[in-house]
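Asks: Sequence and predicted model, in that order:
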Amino acid sequence: MDPQAANTISLDQLPEAGWATVSGVAVPADPAARTLALRLLELGFVPGELVHMVRVVRPSGEPLAVRLGHTTFALRRSEAELIQVIPAA
Amino acid sequence: MAAQPQRIALLGNPNCGKTALFNLLTGSRQKVANYAGVTVERKEGIMRTASGRRIQVLDLPGAYSLNALSNDEAVTRDVITGHSKEAMPDLLVCVVDATNLRLHLRLVLEARQLGLPLLVVLNKMDRAKQLGIAIDVQRLSRELDLPVVGTVSVLAHGADELKKALDEPLREAPPAHWRQPGVEQVLATQRDVLGIFNRTVVQPAVDKDPSIRIDRFLMHPRWGFVVLALVLFATFLAVFSGGDVLSGWIEEGFGALAGLVEGHMDDGLLRGLVVEGVIGGVGGVIVFLPQILILFLFILALEASGYLPRAAFLLDRPMSAAGLSGRSFIPLLSSFACAIPGIMATRTISHWRDRLTTILIAPLMACSARIPVYTLIVAAMFPNDAVAAALVMVGLYVLGIVAAMTVAWVIKRSDKQASASPLLMELPAYQWPDLRSLAIGLWERAMIFLRRVGTIILAITIVMWALYTIPSPRTNKQGAQRSIAGELGHALHYVFSPIGFNEQISFALVPGMAAREVVVSALGTAYAMEGEEGEVDEQLRERIANEWPLATKLSLLLWMVFAPQCLSTFVVVKRETGSWRQMWVMGGYLFGLAYLASFITYQLTNLFTAH
């Protein structure tokens, strides 16, 4: 078993102030969700990139503010769920 | 020798500073219009290159990708892929944010497939230096096989290098092979971007952007809302207090002008037309210019500083209760100035139901044209109690917001296959607003308003004056001659008497369809009061205070909160939604809501005040 797969979580599970490495973006078959996934890839959520959770609004867990490179993005949970990350130890 | 560029287009991600650069290049030599068929603003201007040649510059709407998600992006894609009525530019200028090359370079690689000559502009070079980001420009140019220049769009000479580069002969364009990319292709492009980025950019290991620290405070679940409340409070305080002072000066000016004309013209029809019709009517509307401009100044400055997207982030959760996302916040905030720019600002919302809902509820935000009507009636209700008057005014604003959220909630509930609204939006780095861009933005708003006053409002004022002045062949019960306006008011009053409107109010609502604020001057004319602007206001207030029952005053206030009293809004809803049906849905539900609210208010108040 791939040792990395075990600790892969979706981005919405990353706690506030946490760091992680993107491992992939799920590309669903549904056309609207597929367009969204493509956009996430185009914005730079590609394997190997480092992300940082700036803010998560509790208790709803959304929206989230995520830092990627030199850009901060606001996402809803349904969007963050598409992004798989491996949290930094 | 190959030709030099004559027509260039600026392409870039949102927040790359493209518009500031456009403003720096073209200054006041720009023209704002709409692209054929859509209301995405089309900004074009003339600039001079270093050698003094005049060339045309088109500022394309910001786009992250040619794989368009929003209306804005679709327009950009269609223009540069040759699928629009626009002439193709002979040089595409790709503007990228030097502090954010990792994100912005991808669009350059995508644009390289279009088959157009390209020039890359590294904007915000000053900020990149501050953040310790070093870019090997020559290497970047070699890697991309494209000319690259650096600019600082907020400095007076910040674009000199670009102006020089625009005198260079055009390079041959690479072959065109752009197609809608799939997942594999996007990933491949991103690998190329990362390769180029790693070979040309050296940045500090630690992100020095102060935005992160500012965000911890401004997006704090508690302090964030405190700051937001203070910002909104300060904005509206400035609109009302600052606007009041400036409006007073304009009012005095028009009063003096009316006096001057009266002193130099013989009494008669023509003088009546000029003084009551033109000066009174137009002046009555122009006094609201300061309030509109102050509100826009705040909105433009807050947007340019990067704060508004944070406010949208904070409000995303509360707004989702009504079925909207934080993305609707900026359009709705603009609607407090005027629903038209508000509705146009919805074009960045990619989700169709969210966008339509926002368009449908935008007219419920108390636009600045309602202020004069509210002020007149509220002042007549509480002539000596400023606190009560202020509370009622706040109540009217809140009522509009609550109604809007309720309507949004109903729309969401009635949508059977409701999908989750997307939020995905960039929270750009904080920056000081560029003063040149602020000034140009305000100037544009002022011109749009004044053009409206000079054309449609002026025409309506004159027609109204005529309708009130030309006698009707019939006489009323008292044997006095009625004007045509009186006849119309009489006929309309059958529709409006159940909600307590008399003939004068009923008729004033008709010209009010062109612009709400005209209701005030129409009432003034209906009660046929002579005198200067300020005096008319005072006499009108007195007559309203003495002659209208409380139920009528309340009913008219409620009417103004809900009623679709503005034809321009109808037009823009039709244009933005591309549907007559949506336009009638908007008009119909607002009219129904207004009539119902006024009816209930009128009848209930009568019940309680009856002896």
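Replies: Alright, I've got the coordinates.
Asks: chain center to stretch B:597-611, what's the gap?
Replies: Put simply, stretch B:597-611 sits 37 Å off its chain's centre (CA atoms, centre = their mean, to the nearest Å).
Asks: send the alpha carbons of it over as PDB?
Replies: Included here for stretch B:597-611 are C-alpha records, laid out as PDB according to Å, rounded to 0.1, in the frame of the first residue of the first chain:
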ATOM      1  CA  ALA B 597     -47.100  46.200   1.700                       C
ATOM      2  CA  SER B 598     -48.700  49.600   1.100                       C
ATOM      3  CA  PHE B 599     -52.200  48.200   1.200                       C
ATOM      4  CA  ILE B 600     -51.600  46.400   4.500                       C
ATOM      5  CA  THR B 601     -49.900  49.400   6.000                       C
ATOM      6  CA  TYR B 602     -52.500  51.900   4.900                       C
ATOM      7  CA  GLN B 603     -55.500  49.800   6.000                       C
ATOM      8  CA  LEU B 604     -53.900  48.900   9.400                       C
ATOM      9  CA  THR B 605     -52.800  52.400  10.100                       C
ATOM     10  CA  ASN B 606     -56.300  53.600   9.300                       C
ATOM     11  CA  LEU B 607     -57.700  51.000  11.700                       C
ATOM     12  CA  PHE B 608     -55.500  52.200  14.500                       C
ATOM     13  CA  THR B 609     -55.800  55.900  14.000                       C
ATOM     14  CA  ALA B 610     -59.600  55.800  13.400                       C
ATOM     15  CA  HIS B 611     -61.600  57.300  16.200                       C
END
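Asks: Need the contact partners of that stretch.
Replies: Outside stretch B:597-611, the residues that touch it by CB atoms under 8 Å, 6 or more residues apart in numbering or on different chains are B:498-500, B:549-552, B:554-556, B:558-559, B:561-562. C-beta: built from backbone N, CA, C; applies to glycine.
Asks: in that stretch, what's buried?
Replies: B:597-599, B:601-602, B:605 (16 or more other CB atoms under 10 Å in any protein chain shown).
Asks: for stretch A:59-74, same thing?
Replies: Within stretch A:59-74, the residues that count as buried by 16+ other CB under 10 Å are A:62-74.
Asks: Including pLDDT and secondary structure, could those residues go into TSV?
Replies: Shown next, in TSV, are the buried residues of stretch A:59-74 (pLDDT from 0 to 100; DSSP: H, G, I helix; E, B strand; the rest coil):
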residue	pLDDT	secondary structure
A:62	85	coil
A:63	91	coil
A:64	93	strand
A:65	93	strand
A:66	95	strand
A:67	93	strand
A:68	92	strand
A:69	86	coil
A:70	86	coil
A:71	90	strand
A:72	93	strand
A:73	95	strand
A:74	94	strand
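Asks: on that earlier part again, as TSV, the contacts of stretch B:597-611 with neighbour count would be great.
Replies: Formatted as TSV, the contacts of stretch B:597-611 follow (neighbours: other CB atoms under 10 Å in any protein chain shown):
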residue	neighbour count
B:498	13
B:499	24
B:500	24
B:549	14
B:550	14
B:551	21
B:552	22
B:554	21
B:555	29
B:556	28
B:558	23
B:559	26
B:561	22
B:562	22
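Asks: which two from those residues end up farthest apart in space?
Replies: B:549 and B:562 (20.5 Å; CB to CB).
Asks: from the chain's centre, how far out does whichever strand or helix holds residue B:302 sit?
Replies: Taking DSSP states H and E as the definition, one finds residue B:302 inside helix B:289-305. Offset of helix B:289-305 from its chain centre (CA atoms, centre = their mean): 10 Å.
Asks: Also stretch B:94-109?
Replies: Going by CA atoms, centre = their mean, where stretch B:94-109 is centred and where its chain is centred differ by 28 Å.
Asks: Over to stretch B:545-555?
Replies: Distance, centroid of stretch B:545-555 to centroid of chain: 34 Å (CA atoms, centre = their mean).
Asks: What of stretch B:561-575?
Replies: 14 Å.
Asks: With stretch B:510-526 instead?
Replies: With CA atoms, centre = their mean, you get 23 Å for stretch B:510-526.
Asks: And for stretch A:68-84?
Replies: 5 Å.
Asks: contacting residues around whatever helix or strand residue B:439 lives in?
Replies: Using DSSP H and E, residue B:439 sits within helix B:435-452. Helix B:435-452 has contacts (CB under 8 Å, 6+ apart) with B:19-20, B:23-24, B:28, B:30, B:32, B:154, B:286, B:289, B:292-293, B:296-297, B:300-301, B:304, B:341, B:515, B:568.
Asks: Now do the helices in the stretch 351-500 of chain B.
Replies: Using DSSP state H, counting those that start in this stretch, the helices of the stretch 351-500 of chain B run over B:352-361, B:371-381, B:386-414, B:435-452, B:458-469, B:484-496.
Asks: and among those helices, the most buried is which?
Replies: Among the helices of the stretch 351-500 of chain B, helix B:352-361 has the highest mean neighbour count (mean count of other CB atoms under 10 Å in any protein chain shown), at a mean of 22.
Asks: what about the helices in chain A?
Replies: Taking DSSP state H to define them, one finds helices in chain A at A:3-6, A:31-42, A:77-80.
Asks: And the pLDDT at residue 18?
Replies: Assuming you mean chain A. Listed pLDDT for residue A:18 reads 92.
Asks: not quite, I wanted chain B
Replies: At residue B:18, pLDDT is 89.
Asks: That one touches residue B:58, doesn't it?
Replies: No: the pair formed by residue B:18 and residue B:58 falls short of the contact definition of CB atoms under 8 Å, at 11.2 Å.
Asks: out of these two, which sits in the busier spot?
Replies: residue B:18 (25 against 21; other CB atoms under 10 Å in any protein chain shown).
Asks: separation between residue B:205 and residue A:50?
Replies: Applying CB to CB, to the nearest Å, the value for residue B:205 to residue A:50 is 11 Å.
Asks: more crowded one of those two?
Replies: residue A:50 (13 against 5).
Asks: ok, and of the buried residues of stretch A:59-74, which contact chain B?
Replies: For chain B, the contacts drawn from the buried residues of stretch A:59-74 by CB under 8 Å from any CB of the partner chain are A:62-63, A:65, A:67, A:69-74.
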